[in-house]
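> Dropping the sequence and predicted coords here.
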Amino acid sequence: MNRRDFVKLTLYSSVMAGLGLPSTRAFAAGPNRTLVNIMCLGGADFRYMFAPNPSDADYANKYWEARSQLYSGHASYSSAWGALYSATAAGFGIYNQAGWLKAQYDAGNVAIVCNVVGSENRQHDHSQIIINTGDLNASRFALDRDGWGGRLAEAIGAANVVAMSHDISAFCKGTDPANRTAQVIHARDTRNFALSNGNNATTQRVARALKNYYKGKQLEATNKPASWPYHKFIQHEQKLREFGDPFKALTDANPIPAALLDIADSSSPNRLNRLGFAKECSNLYDSFTGAELFQLRVAAMEYGGWDTHRSQQSGFENNISDLFGTNGGLATLTNSLPADVVNNTVFVFTTDFGRQLRANGDNGTDHGTGNYMILIGPAVNGGVYGEMHPRREISTAEGPAPFDVRGADIKGLTSFERVLSRLCNWVEPGSGIKVFPNMAYANLNTYPDGPILEPGVDLSNLLA
């Protein structure tokens, strides 16, 4: 660091101390535990990513009969398996394009929770509200309400949800109807986060004038009722002043690693999604750099393009390569972060809903209900929780097997509250029941709507 940057950082540290804000130390020693929620928009078919081994002949034959259309260019399941999947020690296969995920699974850092209850309405907008709010009974029109990430930040107290994506989703929002974003920082473009102080004599004068103008407006706002429409605008300007310059000092002194910039490959066939996620990964890197300043404990990311009604194979390969590939966003991000930051971070992947068990005739799958939930991080006790490829899907005593029925779904046996409340407790002990009040009924068999758990599954050691 040169002398100019050193003086700049020292000056901003003094300013922050006067504001009662943390110092500008980058990647502070002993980072807090952090949850990163990645919403896979469109309904991801995670059953397709974790396929049965051909040696499990009974299940594999049914699987191929129902899903062969998803594997273009392969005449048999053994051919598709050999070309597209890598076997795990547990027997099932992980799609080859998800090389980083496979390496993390082999290292014991991936938990796959099977047969998780999903939204049953099969509508994207409503289902996204349900999973983002963490409420299976959320109304389709509940656009202005709290999310489980926002409730977690409130349960922690001195914490914020930092949103990396273009919009602030319901996941981030808090319980105060007058100010849902009180504990939210929108970090959609961290390298242009601060308000401009001008770059020449004229614009510098304008910037100073605006700064003084808004100082006056802040004083005026203290005498205005809560219904005054400009409160949020004034709050945002004030927070940008408080955070912007100190954060810019940090990011100026800590350039985004070249490897992270390189993943924004304009030649990718999945260009728009890839560019968007690459930007989010850079935003998250910067947010970890300024974690103390941001009071980062919960982060929100998104990746679209999972609505695979047609040509699932090509679309799915591009998506998982960007997210889970050896040279994808998360592999590059975690390789760029200090080890103690990675060790104290858990990624959880949520999505609208699952996909149906049978292919739909257009080389894709239609909207379903149940699905898998994936957690990744060194703090995760890796493995499979629940029956990954249930026998009931290929043979039942009650009637036709689900794989033989068009429109059949993965049967949800474990409520998502069971998984996500454990994750909340890892981030902040005791927060799970505050974020998911229904967990109060988890062990009461007489309560019909209590969060259910697949028989034989124990999630008590899901996280270290």
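All right, it came through fine.
> Quickly find the element holding residue 353.
Under DSSP states H and E, no helix or strand contains residue 353.
> show me what contacts the closest residue to it other than its chain neighbours?
Nearest residue to residue 353, sequence neighbours excluded (Cβ to Cβ, 6 or more residues apart in numbering): residue 118, at 4.4 Å. Every C-beta, even on glycine, is put in place using the N, C-alpha and C of the backbone. Counting by Cβ atoms under 8 Å, 6 or more residues apart in numbering, residue 118 touches 127, 131, 352, 353, 354, 368, 369, 370, 371, 412, 416.
> Can you report how many residues lie near the fourth one?
Read it as residue 353. 27 (other Cβ atoms under 10 Å).
> With the third one instead?
Counted by other Cβ under 10 Å, the residues lying close to residue 352 total 29.
> Now it. Its backbone dihedrals?
The phi/psi pair for residue 352 (degrees, to the nearest 10) reads phi -50, psi -50.
> show me what contacts it?
By Cβ under 8 Å, 6+ apart, the neighbours of residue 352 are 40, 41, 42, 43, 118, 119, 124, 127, 128, 131, 306, 367.
> Next, format the residues you listed as CSV and append distance to residue 457 and secondary structure.
Below are these laid out as CSV (distance: Cβ to Cβ, whole Å; DSSP: H, G, I helix; E, B strand; the rest coil):
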residue, distance to residue 457, secondary structure
40, 23, strand
41, 28, coil
42, 27, coil
43, 23, coil
118, 17, coil
119, 21, coil
124, 29, helix
127, 24, helix
128, 26, helix
131, 20, helix
306, 25, coil
367, 25, strand
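> ok, the residues you listed vs residue 178, which is closest?
residue 128 (24.0 Å; Cβ to Cβ).
> How confident was the prediction at the closest one?
Looking at residue 128, its pLDDT stands at 97.
> Over to residue 21?
41.
> Could you do residue 296 as well?
At residue 296, the pLDDT value in this model is 97.
> let's have the chain start at 2 instead
Got it, first residue is 2 now, which makes that one residue 297.
> Pull the contacting residues for it.
Listed by Cβ under 8 Å, 6+ apart, the contact partners of residue 297 are 33, 35, 160, 161, 163, 288, 289, 291.
> Next, count neighbours for residue 249.
20.
> Repeat that for residue 414.
Residue 414 has 19 neighbours, counted by other Cβ under 10 Å.
> For it, what are phi and psi?
Backbone torsions for residue 414, taken as degrees, to the nearest 10, come to phi -120, psi -10.
> how many other residues sit next to the closest residue in space to it that isn't next to it in sequence?
Nearest non-adjacent residue to residue 414, counting by Cβ to Cβ, 6+ apart: residue 455, 3.8 Å away. Residues lying near residue 455 (other Cβ under 10 Å) number 22.
> again with the one 3 residues further on
As a burial measure, the neighbour count of residue 458 was computed by other Cβ under 10 Å and equals 17.
> what residues are up against it?
Per Cβ under 8 Å, 6+ apart, neighbours of residue 458: 386, 387, 415.
> So the second one sits against residue 411, correct?
No. Counting by Cβ atoms under 8 Å, residue 387 stays clear of residue 411, with 10.4 Å between them.
> ok so, going back, out of the contacts of residue 297, who's the most crowded?
When neighbours are taken as other Cβ under 10 Å, the top entry among the contacts of residue 297 is residue 163 (31 neighbours).
> secondary structure class for that residue?
The three-state label given to residue 163 by DSSP: H, G, I helix; E, B strand; the rest coil is strand.
> partners of it in the sheet?
residue 186, residue 300 (DSSP bridges).
> now it: how far from residue 152?
From residue 163 across to residue 152, the span is 16 Å (Cβ to Cβ, to the nearest Å).
> Please apply the same query to residue 182.
Counting by Cβ to Cβ - residue 182 and residue 152 are separated by 14 Å.
> what's the answer for residue 304, then?
Look at residue 304 and residue 152: by Cβ to Cβ, they are 23 Å apart.
> Residue 77 now?
From residue 77 to residue 152 the distance is 49 Å (Cβ to Cβ).
> now do residue 367
For residue 367, the distance to residue 152 - Cβ to Cβ - is 32 Å.
> Show residues contacting stretch 197-217.
Taking Cβ under 8 Å, 6+ apart as the rule, stretch 197-217 contacts 196, 235, 238, 239, 242, 246.
> could those residues go into JSON lines alongside pLDDT and secondary structure?
Compiled in JSON lines, these are given as follows (pLDDT from 0 to 100; DSSP: H, G, I helix; E, B strand; the rest coil):
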{"residue": "196", "pLDDT": "80", "secondary structure": "coil"}
{"residue": "235", "pLDDT": "85", "secondary structure": "helix"}
{"residue": "238", "pLDDT": "83", "secondary structure": "helix"}
{"residue": "239", "pLDDT": "82", "secondary structure": "helix"}
{"residue": "242", "pLDDT": "79", "secondary structure": "helix"}
{"residue": "246", "pLDDT": "84", "secondary structure": "helix"}
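> Could you list the single helix or strand in the chain with the lowest mean pLDDT?
helix 4-20 (a mean of 34; mean pLDDT, DSSP states H and E).
> Who has more neighbours out of residue 387 and residue 411?
residue 411 (26 against 20).
> ok, the more buried one touching residue 366?
No. Contact between residue 411 and residue 366 fails when scored by Cβ under 8 Å: they sit 11.2 Å apart.
> before we move on, back to that, out of residue 77 and residue 152, which sits in the more crowded spot?
Between residue 77 and residue 152, counting by other Cβ under 10 Å, residue 152 is the more crowded of the two (25 against 12).
> Tell me which residues touch the residue nearest to that one when sequence neighbours are not counted, please.
Spatial nearest neighbour of residue 152, excluding adjacent residues (Cβ to Cβ, 6+ apart): residue 436 at 4.5 Å. Residue 436 makes contact with 135, 149, 152, 153, 156, 421, 422, 425, according to Cβ under 8 Å, 6+ apart.
> what about the fifth one, which helix or strand?
When elements are assigned from DSSP H and E, residue 156 belongs to helix 149-157.
> Quickly list what's touching both of residue 182 and residue 152.
residue 175.
> circling back to that earlier point, tell me which two of the contacts of residue 119 sit farthest apart.
Applying Cβ to Cβ across the contacts of residue 119, the maximum distance is between 369 and 417, 14.9 Å.
> Please enumerate the strands of the chain.
Along the chain, the stretches classed as strands by DSSP state E are 35-41, 51-52, 86-88, 94-96, 111-117, 161-164, 185-187, 297-304, 346-352, 372-377, 384-386.
> Relative to residue 142, which of those strands is closest?
The nearest among the strands of the chain, by Cβ to Cβ, is strand 35-41 at 19.6 Å.
> Contacts only, for the closest residue in space to residue 156 that isn't next to it in sequence.
Sequence neighbours aside, residue 432 is the residue nearest to residue 156 in space, at 3.8 Å (criterion: Cβ to Cβ, 6+ apart). Contacts for residue 432 (Cβ under 8 Å, 6+ apart) come out as 153, 156, 157, 425, 426.
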